[in-house]
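Undergrad: This is the structure alone, sequence omitted:
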């Protein structure tokens, strides 16, 4: 029985040692795999965070520019309305209108990349062109009035009113385009957690 016991003890010892070696090896392999995945996961998280910060920065730059452009368009439209609605004989002084139109034009060209990316360059550009045309008509009206050509001045005043109508329609489109983009930006800058 001794030999049977020693064989049995040998088998049990071998089994226990083998099991211990397998458990230790398996644990070591699992920890190495887990470590490797954690390292890769951390790299991916860092890359994602860098990409997210870059995207957020670009979106915040856009978010700062578009309200400024909308405010300039609003000022242009309101000044144009005041001029167009004044009587032909008492045309309101254009005041800051040429300067504001120039600032809108400069802002448009500086931010053309964003506008084209968001597919809103065309309506803003058309609005800017109408505003420039309106300023030119105001100058034409002043020259016609100074030369005391009332018929020509009345015709130019009618053109001013028509140009304002077009300008107002284009303003509405510009504001709508900017408004349509804004909710998408807010969701990208401040994502909501669902689920």
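TA: Arrived safely. Keep in mind it's a predicted model, so treat the numbers as computed, not measured.

Undergrad: On the secondary structure side, give me the element for the residue nearest to residue 120 when sequence neighbours are not counted.
TA: Once flanking residues are discounted, residue 120 sits nearest to residue 177: 4.3 Å by CB to CB, 6 or more residues apart in numbering. Using the backbone N, CA and C atoms, a C-beta is placed for each residue, glycine as well. Following DSSP states H and E, the helix or strand that holds residue 177 is helix 150-189.

Undergrad: got the contact list for the residue nearest to residue 120?
TA: Neighbouring residues of residue 177 by CB atoms under 8 Å, 6 or more residues apart in numbering: 120, 123, 124.

Undergrad: Flag every buried residue along the helix holding residue 177.
TA: 153, 156-157, 159-160, 163-164, 167, 170-171, 174-175, 177-178, 181, 185 (16 or more other CB atoms under 10 Å).

Undergrad: Now do that helix, average pLDDT.
TA: When pLDDT is averaged over helix 150-189, the result is 80.

Undergrad: for that helix, the distance to its chain's centre please.
TA: Centroid separation for helix 150-189 versus its chain: 20 Å, with CA atoms, centre = their mean, to the nearest Å.

Undergrad: what about the helices in this structure?
TA: 2-85, 97-110, 112-117, 121-146, 150-189 (DSSP state H).

Undergrad: Most tightly packed of those?
TA: helix 121-146 (a mean of 18; mean count of other CB atoms under 10 Å).

Undergrad: can I assume residue 127 is in contact with residue 169?
TA: No: Residue 127 lies out of contact with residue 169 (CB atoms under 8 Å); the separation is 9.4 Å.

Undergrad: list the contacts for residue 161?
TA: By CB under 8 Å, 6+ apart, the contact list for residue 161 reads residue 84.

Undergrad: and the gap between it and residue 75?
TA: 19 Å (CB to CB, to the nearest Å).

Undergrad: swap in residue 86?
TA: 17 Å.

Undergrad: got it, and residue 120?
TA: Distance from residue 120 to residue 75, by CB to CB: 19 Å.

Undergrad: same deal with residue 33?
TA: Applying CB to CB, one obtains 63 Å for the distance of residue 33 from residue 75.

Undergrad: what does residue 135 give?
TA: Distance, residue 135 to residue 75, using CB to CB: 13 Å.

Undergrad: for residue 30, same thing?
TA: Separation of residue 30 from residue 75 (CB to CB): 67 Å.
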